[in-house]
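1. Here's a sequence, model it:
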Amino acid sequence: MALVRLLVLSLFHVSLVWSQPAKNSQQASSLPHPLGYQSPAGTDNLSFPWSRIRLPRYIIPLHYRLLLHPNLTTLSFTGSVQIQIDVQNNTNWVVLHSKGLKISKATILNQDLRDLSEQFLPVLHNPSHEQIGIFSPWVLSSGQKYFLYIEFGAELSDGFHGFYKSTYRTSAGEIRTLASTHFEPTSARMAFPCFDEPNFKANFSLRIRRSPEHISLSNMPIFQTVEVNGELLEDHFATSVKMSTYLVAFVISDFKSVTALSASGVQVSIYAAPEKWNQTHYALEVAVKMLDFYEEYFNIRYPLPKQDLIAIPDFQSGAMENWGLTTYRETSLLFDPHTSSVSDKLWVTMVIGHELAHQWFGNLVTMEWWNDIWLNEGFARYMEYISVEATYPELKVEEYLLDTCFAAVSLDSLNSSRPISSSADNPTQIEEMFDTVSYEKGACILHMLRHFLTDDVFQAGIVRYLHKYSYRNAQNQDLWDSLSNTCSEEDFISGKHCYSSGQASKNAYLFAGEHLELTAMMNTWTLQKGIPLVTVIRKGSNLLLRQDRFLRTVLPSDPLWSTLQQGAGHLPLNKALDLIGYLQLETHTVPLLEGLGYLEVFYRLIEKRNELDLAHNLRMYILRFFRGVIDQQTWNDAGSVSERRLRSKVLSLACHLDDPPCLERASHTFKDWLLSNRALNLPADLAKIVYSVGAQDDQGWASLLHTYNTSLSAAQKHMILFALTCNRDTNKLHRLLKLGLEGKVIRSQDLSSVIIMVARNPQGHHLAWNFVKNNWNTLVQKFQLGSSCIRNIIIGTTGQFSSPEELTDVKLFFESIKEQTSQLRAPQIALENMQKNVRWVQRNLETLRNWLNEKI
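-> Just a heads-up that it's a prediction; the model follows:
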């Protein structure tokens, strides 16, 4: 009987399921109605059976068989999915996710592949929860498995989520179209009906129909391609490992690739638009090295036969870790030796390290729910540093870790911050979890923990964690248990990857003679927001230590208000400025750049106020203070990575501060570039500076815009776009904003960056904010309310407002869109930042003015 069943299932896999399920209506009509049968009813007589935003747990998906046919001419797609489900409670309903899909047919088959109903089943929609309910007149019995079959169709999405369209232009001016996916966190439901939650892991078998001039890619390799109707090809992909829906991916394009094998025989390929093929070679080298490194570090073989990395022309985030098919922005994957800077090189290396780390952290072991997304993103962010330091030590990636942790401190010192592990239920709340707290703070507490436990104990613990929870889901506690070498007695006896609780004492972490319980310690970092401020007071021969939460903004109602007003426990600005005097003797890049960065923050805040004398004095002080460092810089790409990074930052600030030697050299270099008909290879680390100075006059700006429009280098285009936003003509700045909104010359993916870069310009900060207010609904439609783009736009355009009038204007706007802003944390962060700026100006402006008068 088992053999017969296997044969039937095999035939079903090859033909029946992939086309249309047989109805077997003759047999079905002669069968008596079993107990629990309900007569089919129209949808008018049915109400949606489920009220919660999370799906019910009584139906578990086991295997999806998915057929998709995207049409790149009509920009639409049709498809069918057959989902094997395991029913765990008697029910007449199947509730799953669907968003924007037109369901044309739904049926349920039993294990013998027979329809349970002679008619198509009623499908109810709950758009607010992005769910559909399919009613079966036959009771689905607990303990039984069934096949849910749905046919559907939709337009390819205009945005950056779900199954969406993308385009690129060839050097001959031809526009070509491709289709790609981005499902994380909740957009697989836009491409096919599914149980779109991370703990509903299943296997996936895909087929994709395409025209012969295109290729299709998915998580697994193609094992067969067949001809359909003499005009189309149908690619059959191998069945995937067990994974979450958000990791499914497919791309249909005409891209070209380069390929190599890892040490363990994994086929690694980099895909890009045909004319950008020559920019893929560095990424291939990095990907192979990283894959080899992670297999050794995690002591787990990469479980798929191939790993594709593809540069998508339209991509909202930096990259996405789809298992076996990671997708990237072009700036995150492509490296042009002639135009990409050393910072671009490091960025590409780190992003690839991040996404490949996810193949274990996130894909192999996935967080139980989005409240613990830091288990994916914090780990992948931190593994960037571990992997790059091991594989490319010359890039000095460790020097960037301080920036990561300072970014975490900056946000976490606001009342509007959140704990690392926070509740998130609806898609907007889930989207907002992909933030500085999950990534940067998550990475920094792991860095702290690694050095507390020692490298070996930390590595052994995460290997244990990955082994134990492979192809499963995990929570915070599971990680702490793995790092503590503790587990249940049952797991210990069965030989799981852990030690018994009794043996944990052998690896106890001792501090001040007391056993420290790891869970209790780490919960203080993950379950509450904020970071500690430790104040040390000397009293005779004793030291008194007090710990408080470090806050940059304190409201008058806060108990700390009077203390902060008196300045107790916090260094006055003039004393802090006196202390940085030592930087003239500093030779290490990291502290130099941090000190320079804080002075730049002060200057950029003041230059946007009507404080011309103060801005002039601060500019003169910075240039005089760093004169020696500025004069040491050469206008080339020579030196170590640290030296090149310092050179780029120092000269960029010097030119922004109108330093005559810097402006003269950059202007001369830009003219030489123009005279060469833009063929001159500029020093890649300094090209952005040269472009920014050259963009100040009409001819230079127009020439750069033309180059932006024709360049095949994403790195060069990014530099030029920054330079174009540095022009002080508000008409030109407004034109850039308009081009970004149109999405043709400047892609929609870059609109948020354009808005933020215009806001950094003293002549553009009010222009950018007014643009956001006037186009708010369009921006939300393009990027989704909870997205990082909307968050960055809100915080980036208001971040340097420092007057009560500006604060009031922003408050009034947020109040006018309260229905949307009430769902977001970003407006709270923006308002708190502005309150901080207003109070900083009130408390420190005269102090800074007097201090500068003494120094100049």
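
2. For the stretch 601-750 of the chain, just list every one of the helices.
-> For the stretch 601-750 of the chain, the helices defined by DSSP state H, counting those that start in this stretch cover 612-625, 627-632, 641-656, 660-675, 687-694, 698-710, 714-724, 730-742.

3. between the fourth one and helix 641-656, how big is the angle?
-> So the one you mean is helix 660-675. Using axes from the mean of the first three to the mean of the last three C-alpha atoms, to 10 degrees, the interaxial angle of helix 660-675 with respect to helix 641-656 works out to 100 degrees.

4. In CSV, could you pull the C-alpha coordinates for helix 660-675?
-> This file holds the C-alpha atoms of helix 660-675, laid out as CSV (Å, rounded to 0.1, in the frame of the first residue of the first chain):
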residue,chain,number,x,y,z
PRO,A,660,41.0,77.8,0.3
PRO,A,661,43.7,75.2,-0.4
CYS,A,662,41.2,72.4,-0.4
LEU,A,663,38.7,74.2,-2.7
GLU,A,664,41.5,75.2,-5.1
ARG,A,665,42.9,71.7,-5.5
ALA,A,666,39.4,70.1,-5.8
SER,A,667,38.3,72.7,-8.4
HIS,A,668,41.4,72.3,-10.5
THR,A,669,41.0,68.5,-10.4
PHE,A,670,37.4,68.8,-11.5
LYS,A,671,38.3,71.1,-14.4
ASP,A,672,40.9,68.5,-15.6
TRP,A,673,38.2,65.8,-15.4
LEU,A,674,35.8,67.9,-17.5
LEU,A,675,38.6,68.7,-20.1
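
5. buried ones in stretch 297-316?
-> Taking 16 or more other C-beta atoms under 10 Å as the neighbour-count basis, stretch 297-316 is seen to contain the buried residues 297-298, 300, 302, 304, 306-316. (Glycine included, C-beta is placed from N, CA and C.)

6. And for stretch 162-176, what's in contact with it?
-> In this structure, residues lying in contact with stretch 162-176 by C-beta atoms under 8 Å, 6 or more residues apart in numbering are 68, 70, 72, 75, 77, 99-100, 154, 156-158, 177-183, 187-191, 250, 254, 273-275, 312-315, 710, 712.

7. Of the helices of the stretch 601-750 of the chain, flag the one that's most buried.
-> Comparing the helices of the stretch 601-750 of the chain on average neighbours per residue, with mean count of other C-beta atoms under 10 Å, the densest one is helix 687-694 at a mean of 25.

8. Who are the packing partners of that helix?
-> Helices and strands in packing contact with helix 687-694 are listed as helix 641-656, helix 660-675, helix 698-710, helix 714-724; criterion 3 or more C-beta pairs under 8 Å, 6 or more residues apart in numbering; DSSP states H and E.

9. of all those, which lies closest to residue 756?
-> Distances from residue 756 to each of these were compared by C-beta to C-beta, and the smallest falls on helix 714-724, at 10.4 Å.

10. How about the contacts made by residue 574?
-> Contacts for residue 574 (C-beta under 8 Å, 6+ apart) come out as 847, 848, 850, 851.

11. so the last one makes contact with residue 577?
-> Going back to what we said before, that points to residue 851. Yes. Taking C-beta atoms under 8 Å as the definition, residue 851 is a contact partner of residue 577 at 5.7 Å.

12. okay, how far is it across stretch 99-117, tip to tip?
-> Distance across stretch 99-117, first residue to last, is 25 Å (C-alpha to C-alpha, to the nearest Å).

13. Pull out the buried positions in it.
-> Residues of stretch 99-117 classed as buried by neighbour count (16+ other C-beta under 10 Å): 99-101, 103, 106-110, 113-117.

14. Restricted to strands, list these.
-> The members of the buried residues of stretch 99-117 that map onto strands under DSSP state E are 103, 106, 107, 108, 109.

15. which ones among the buried residues of stretch 297-316 are found in strands?
-> Among those, the ones falling in strands (DSSP E) are 306, 307, 308, 309, 310, 311, 312.

16. Apply the buried test to the contacts of residue 574 and list what passes.
-> Buried subset of these (neighbour count, 16+ other C-beta under 10 Å): 848, 851.

17. Could you work out the most separated pair of the contacts of residue 574?
-> The most widely separated members of the contacts of residue 574 are 848 and 850, with 7.5 Å between them, by C-beta to C-beta.

18. Now do the longest helix along the chain and helix 612-625, the angle between them.
-> Using DSSP state H, we find that the single longest helix of the chain is helix 826-855. Counting by the same axes, to 10 degrees, helix 826-855 points 70 degrees away from the direction of helix 612-625.

19. pLDDT (mean, whole number) over helix 826-855?
-> Throughout helix 826-855, pLDDT has a mean value of 95.

20. next one: stretch 385-396
-> Mean predicted lDDT for stretch 385-396 stands at 98.

21. got it, and stretch 103-111?
-> 95.

22. what sits up against that stretch?
-> 21, 94, 115-117, 120-121, 123, 132, 134, 136, 138, 140, 144-153, 193.

23. repeat for stretch 589-608
-> Stretch 589-608 is contacted by residues 399, 402, 406, 580, 583, 586, 614-615, 618-619, 622, 626, 629, 642-643, 645-646, 649-650, 653, 657, 760, 762, 765, 800, 802, 837, 840-841, 848 when judged by C-beta under 8 Å, 6+ apart.

24. follow-up on the earlier one: check the buried residues of stretch 99-117 against residue 224 and report the nearest one.
-> residue 113 (22.1 Å).

25. does the closest one really touch residue 149, like I thought?
-> No. Residue 113 lies out of contact with residue 149 (C-beta under 8 Å); the separation is 10.1 Å.

26. Check the contact between residue 686 and residue 654; I expect there is one.
-> No. Between residue 686 and residue 654 there is no contact, the gap being 11.5 Å when judged by C-beta under 8 Å.

27. still on that earlier bit, could I get the ones in strands among the buried residues of stretch 99-117 as TSV with distance to residue 344?
-> Listed next are those as TSV, based on distance: C-beta to C-beta, whole Å:
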residue	distance to residue 344
103	45
106	49
107	52
108	52
109	53
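
28. how about the helices in the stretch 351-500 of the chain?
-> For the stretch 351-500 of the chain, the helices defined by DSSP H, counting those that start in this stretch cover 374-391, 401-412, 427-432, 436, 442-453, 455-468, 476-484, 489-493.

29. Remind me what the longest one packs against, helices and strands.
-> Packing contacts for helix 374-391, counted by 3+ C-beta pairs under 8 Å, 6+ apart, involve helix 281-298, helix 342-358, strand 365-367, helix 442-453.

30. Including mean pLDDT and distance to residue 267, could these go into TSV?
-> Converted to TSV, the helices and strands packed on helix 374-391 look like this (pLDDT from 0 to 100; distance: least, C-beta to C-beta, whole Å):
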stretch	mean pLDDT	distance to residue 267
helix 281-298	98	10
helix 342-358	98	14
strand 365-367	98	24
helix 442-453	96	30
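
31. Could you dump those into JSON lines with distance to residue 266 added?
-> Supplementary listing: those in JSON lines, determined by distance: least, C-beta to C-beta, whole Å:
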{"stretch": "helix 281-298", "distance to residue 266": "6"}
{"stretch": "helix 342-358", "distance to residue 266": "11"}
{"stretch": "strand 365-367", "distance to residue 266": "19"}
{"stretch": "helix 442-453", "distance to residue 266": "26"}
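
32. looking at these, which is closest to residue 696?
-> Checking the helices and strands packed on helix 374-391 against residue 696 by C-beta to C-beta gives helix 342-358 as the closest, at 23.1 Å.

33. what packs against that closest one?
-> Secondary-structure packing of helix 342-358 (3+ C-beta pairs under 8 Å, 6+ apart): helix 281-298, strand 306-312, strand 319-320, strand 325-329, helix 330-333, helix 374-391, helix 641-656.
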